[in-house]
Structures are given as structure tokens and as C-alpha cells.
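# I'll drop the sequence and a predicted model, then ask my questions.
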Amino acid sequence: MTEPTAVAPLEPVTEDWQRALAVVAHPDDLEFGGAAAIARWTGQGKRIVYCLVTSGEAGIDGMPPQRARQVREEEQRASAALVGVDTVEFLGLPDGVLEYGVPLRRAIAEVVRRHRPEIVLTNNFRDTWDGSYALNQADHIATGRAVLDAVRDAGNRWIFPEQLTDGVEPWNGVRQVWAAASPRSAHGVDVTDTFVQGVASLRAHHAYLTGLGDGSFDAEEFLEGLARPTGTRLGVRYGVAFEVFRFDLW
């Protein structure tokens, strides 16, 4: 009989920073796993800014995009406030058809230069969620790949130099990029004390969640299914996992 494979423990992420920028494709992306971690950090006095590449306007089948854009932006702002985030920006790129490339890198680099974060957060952008069969979504993949390159672009004054006006300067102070819920995660953070805030933050996306499946989606059950096994790998009750990309080695 084959013994079950042991799950590798996670190393805690560093928390010796004060400013972070979270860049994801859609409203609700941060709430599907990462918001409880953000609540922990804002509770420590850290400053975190949200940047949504789209407004999720194509995400509700029964609602026209123009109306969905307004509703989902409102829900994202309310959701962010529940975890201590008061600055939420929307880039307004088209939902569902994002493409990795120079325009997306340019848009994200501009935000990095303005906010000058030490840590940049994004979502899993690997091909799958589980390293096997659960396919990721194209906007997530394009956004995450662009985030990595945009962080480098932001530090080079000869890339997108038209952005360097009105006091905006190159910024090469990003130390690490963290991709939440990646199947290659080797790091994590204890969210036992802020798990409830993470659940509330996801529930704030009421219009979107109502349109999922048959309407019986349970935010707490879903997040617990992610947070509990991650917490086990950290030796705590609940955790959030991250794949860490380091820029402070160069």
C-alpha cells in the first residue's frame, strides 16, 4: 500500500514592510482567498492600495456590462473597506479579453510608479489552480505575467518615459511580488484572527455571488476549504498561501 505524500510546510512571508500594491484582473479576485491576509496587514498599520485592471463588467450573465461595471465597482470599494483598504483604482481595461503585452505592462507600471510599493500582490497566474486540471482564467494569467514585467519596467527610466512627469519618478523599490493561491506556493501567512473579515469582504460582492451557479454559493465554506489546509501547512488554524517572486536579490 502506497503511503500518502506529505504536504510540504509553508515558510511565513516577510512582514517587515509598510506599503503594498495589490493588482488583479477583476473585482472579487482578491476576496477569493487573499482579503483575510490584507486585513491582517492593514491591522498592523500597513498601507495597501487596490488596483483592478478591469471592472468585471462581463462577469454577471444576467446584467448588462454598463450596469455591471457600476455595481461591481461599488461592491469592490465596499469590500475593500471591510479589510482596511481605502484606495481602490480601476484601470478600465476590457473584462474577459485582457492580453499580455506592452499596453498592459505600461498601465501597471504607471500605477507602481505612483504608489511606490515595497510588496506587490496579485493572484495565481499559473495555467491551473491545482497544478493539474483546474484551469485558470485567461485574464488572471495575463495580469499576473504583466505584473512581474511591469515591476521591472517601473524601475527603468527609459521604459515608458512619458510617465515621468509631475514628480513621478522610476521606482525600483519593489522587493517581492506575491501571487496568492498559486499551486507553486511555498510561503504563507496566518489569517486565523482575520478570517472572518475575509469572509465578510467576499460576501460584499453580493451581485456577483448571486449570479454564480444556482445561487447557493457559501462564501465561508469556500474560503475555509482554502484556508484550513493552508493553515495546516503553517501550523495554524487558517492561512493564505503565496508564490513569492523576489526582486531584492539583484
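Perfect, thanks for sending it.

# got any ranges where this structure has weak pLDDT?
By pLDDT under 70, the low-scoring segments of the chain are 1-6, 250.

# Repeat the analysis, applying 50 as the threshold.
For the chain, applying pLDDT under 50 flags the ranges 1-4.

# Can you list the buried residues in the longest strand along the chain?
Determined from DSSP state E, the single longest strand within the chain is strand 239-246. Within strand 239-246, the residues that count as buried by 16 or more other C-beta atoms under 10 Å are 239-245. All C-beta atoms are positioned from the backbone trio N, CA, C, and that covers glycine.

# where along this protein do the helices fall?
Assigned by DSSP state H, the chain shows helices spanning 35-43, 65-82, 102-115, 138-154, 195-203, 206-210, 219-234.

# Please put the alpha-carbon coordinates of the second one into PDB.
Written as PDB, here are the backbone C-alpha positions of helix 65-82 (Å, rounded to 0.1, in the frame of the first residue of the first chain):
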ATOM      1  CA  PRO A  65     -22.000  45.300 -18.900                       C
ATOM      2  CA  GLN A  66     -22.600  49.000 -18.400                       C
ATOM      3  CA  ARG A  67     -24.700  48.400 -15.300                       C
ATOM      4  CA  ALA A  68     -22.400  45.600 -14.100                       C
ATOM      5  CA  ARG A  69     -19.400  47.900 -14.200                       C
ATOM      6  CA  GLN A  70     -21.100  50.300 -11.800                       C
ATOM      7  CA  VAL A  71     -22.400  47.600  -9.500                       C
ATOM      8  CA  ARG A  72     -19.100  45.800  -9.300                       C
ATOM      9  CA  GLU A  73     -17.000  48.900  -8.700                       C
ATOM     10  CA  GLU A  74     -19.300  49.800  -5.800                       C
ATOM     11  CA  GLU A  75     -19.100  46.300  -4.400                       C
ATOM     12  CA  GLN A  76     -15.300  46.300  -4.600                       C
ATOM     13  CA  ARG A  77     -15.000  49.600  -2.800                       C
ATOM     14  CA  ALA A  78     -17.300  48.300   0.000                       C
ATOM     15  CA  SER A  79     -15.400  45.000   0.100                       C
ATOM     16  CA  ALA A  80     -12.000  46.800   0.400                       C
ATOM     17  CA  ALA A  81     -13.200  49.000   3.200                       C
ATOM     18  CA  LEU A  82     -14.100  45.900   5.300                       C
END
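
# Give me the contact list for stretch 196-210.
27-28, 30-37, 39, 56, 59-60, 63, 68, 71-72, 75-76, 78-80, 82-83, 191, 217, 219-220, 222-223, 227 (C-beta atoms under 8 Å, 6 or more residues apart in numbering).

# how far does that stretch stretch from start to finish?
With C-alpha to C-alpha, to the nearest Å as the measure, stretch 196-210 spans 20 Å from end to end.

# Perfect, that will be all.
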